[in-house]
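Undergrad: Give me a model of this one.
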Amino acid sequence: MKQCITAISLFMGLLVLVSGCETSEKQVTLRLNFQSGTAFEYDQSAVRRWQVMEGDSTLEEANSTVSMKILQVVRRTLEDSTAEILEQTSWDIVGPSKEDKSKIDTLHDKREMIIYMSSRGKVVDLEFITPLDSAERQYIREYYDQGFMIFPTEPVHKGSAWTQTADVVLPDTSAVAATTFTVLDFGTEQGYEVIRIGYDGNLLIPFVQDPTDSLQRSGIDRIRIKGTVNFAHNEGLVVNMSERWEIDGDRRGLKEGVMKERKVLADIDMNYELVAVNSK
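TA: You can find the predicted model right below:
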């Protein structure tokens, strides 16, 4: 009997140890926290290197830097918890002049649009306030559909991974873009408790011809995307992110009345940083 009691005690002790290991593992549910009137300010910087080729000839090869300011204001939250977000973006691009490649120019531009986004990060709809042609609108929509992280429904812990896919309609066929996200660790950034998530995937973004484009330009960008994001899980916001794009793009369009095909090769290194959060 004593041996049985000892065995039972040992077994129960092991259960306690195992149970303790399981419950001590940190788990969080990832959700964006949208409160009406809250404004998020971000800075984004990027270094771009690209090459444009036609056959064996290099038509263009250059570098540029981009400095961007992003303001996102939560205008309201709908009944299904979808947030209506006004996004105002302005940027400066420093690079070779279009007229004279030996000179450096600074191009300033801005864009304004409304994003409808669920608390899991899914972009439900976009409304463009700044006038854009149909090719630009479609490209942005495809990027938001494929490139934005959508949180899983269940809690995650260190080592958790999930893959999100998107069906892509191409001129002659269809394909699937896929990105895998992995929880790397927990830590702190800018005073926030964060969960660090790494991601690696492939985007397939068609450049659909705009009906009004006299040059009949179209193509596709195949983008290898890899990065890390720090997400403040208590506050429900992105603190910072670093990302790299490697682009293998095809373009076709009229040149002097003849349809030409070009290859675009590029890599882009980006950093995205929270600057301020302002609430009503």
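Undergrad: show me the contacts for T153.
TA: Counting by Cβ atoms under 8 Å, 6 or more residues apart in numbering, T153 touches R120. Using the backbone N, CA and C atoms, a C-beta is placed for each residue, glycine as well.
Undergrad: what do you get for the one 4 residues further on?
TA: For H157, the contacting residues are E25, K26, Q27, V28, V183, by Cβ under 8 Å, 6+ apart.
Undergrad: from those residues, which would you call buried?
TA: Taking 16 or more other Cβ atoms under 10 Å as the criterion, what is buried in the contacts of H157 is V28, V183.
Undergrad: Nearest to K103 among the contacts of H157?
TA: Distances from K103 to the contacts of H157, taken as Cβ to Cβ, are shortest for V183 (46.8 Å).
Undergrad: Next up, phi/psi of the closest one, please.
TA: For V183, the backbone dihedrals are phi -70, psi 120 (criterion: degrees, to the nearest 10).
Undergrad: cool, and G147?
TA: For G147, the backbone dihedrals are phi -100, psi -10 (criterion: degrees, to the nearest 10).
Undergrad: Excluding chain neighbours, give the residue nearest to it in space.
TA: Leaving aside its sequence neighbours, G147 sits nearest to L203 (Cβ to Cβ, 6 or more residues apart in numbering; 5.8 Å).
Undergrad: list the buried ones in stretch 103-118?
TA: Along stretch 103-118, these residues count as buried under the neighbour rule (16+ other Cβ under 10 Å): R111, M113, I115, M117, S118.
Undergrad: how about the helices of the stretch 51-200 of the chain, start to end?
TA: Assigned by DSSP state H, counting those that start in this stretch, the stretch 51-200 of the chain shows helices spanning 134-147.
Undergrad: where do the strands sit along it?
TA: For the stretch 51-200 of the chain, the strands defined by DSSP state E, counting those that start in this stretch occupy 57-77, 83-96, 104-117, 123-128, 161-169, 174-189, 192-207.
Undergrad: Can I get these in a markdown table including mean pLDDT and distance to I220?
TA: Below are the strands of the stretch 51-200 of the chain laid out as a markdown table (pLDDT from 0 to 100; distance: least, Cβ to Cβ, whole Å):
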| stretch | mean pLDDT | distance to I220 |
| --- | --- | --- |
| strand 57-77 | 95 | 19 |
| strand 83-96 | 96 | 23 |
| strand 104-117 | 96 | 23 |
| strand 123-128 | 96 | 20 |
| strand 161-169 | 93 | 9 |
| strand 174-189 | 95 | 9 |
| strand 192-207 | 96 | 5 |
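Undergrad: And these: which comes nearest R251?
TA: When these are ranked by distance to R251, counting by Cβ to Cβ, first place goes to strand 192-207 at 7.1 Å.
Undergrad: Kindly format the C-alpha coordinates of the closest one as PDB.
TA: Extracted as PDB, the C-alpha positions of strand 192-207 are listed here (Å, rounded to 0.1, in the frame of the first residue of the first chain):
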ATOM      1  CA  TYR A 192       5.100  49.000 -24.200                       C
ATOM      2  CA  GLU A 193       4.900  45.300 -23.600                       C
ATOM      3  CA  VAL A 194       5.100  43.800 -27.000                       C
ATOM      4  CA  ILE A 195       4.900  40.500 -28.800                       C
ATOM      5  CA  ARG A 196       7.500  40.100 -31.600                       C
ATOM      6  CA  ILE A 197       6.200  38.500 -34.800                       C
ATOM      7  CA  GLY A 198       8.300  37.600 -37.700                       C
ATOM      8  CA  TYR A 199       6.900  37.000 -41.200                       C
ATOM      9  CA  ASP A 200       8.000  35.700 -44.500                       C
ATOM     10  CA  GLY A 201       5.900  35.400 -47.700                       C
ATOM     11  CA  ASN A 202       5.300  36.200 -51.300                       C
ATOM     12  CA  LEU A 203       2.900  38.800 -52.700                       C
ATOM     13  CA  LEU A 204       1.600  38.700 -56.300                       C
ATOM     14  CA  ILE A 205       0.400  42.100 -57.300                       C
ATOM     15  CA  PRO A 206      -0.900  42.700 -60.800                       C
ATOM     16  CA  PHE A 207      -0.600  46.100 -62.400                       C
END
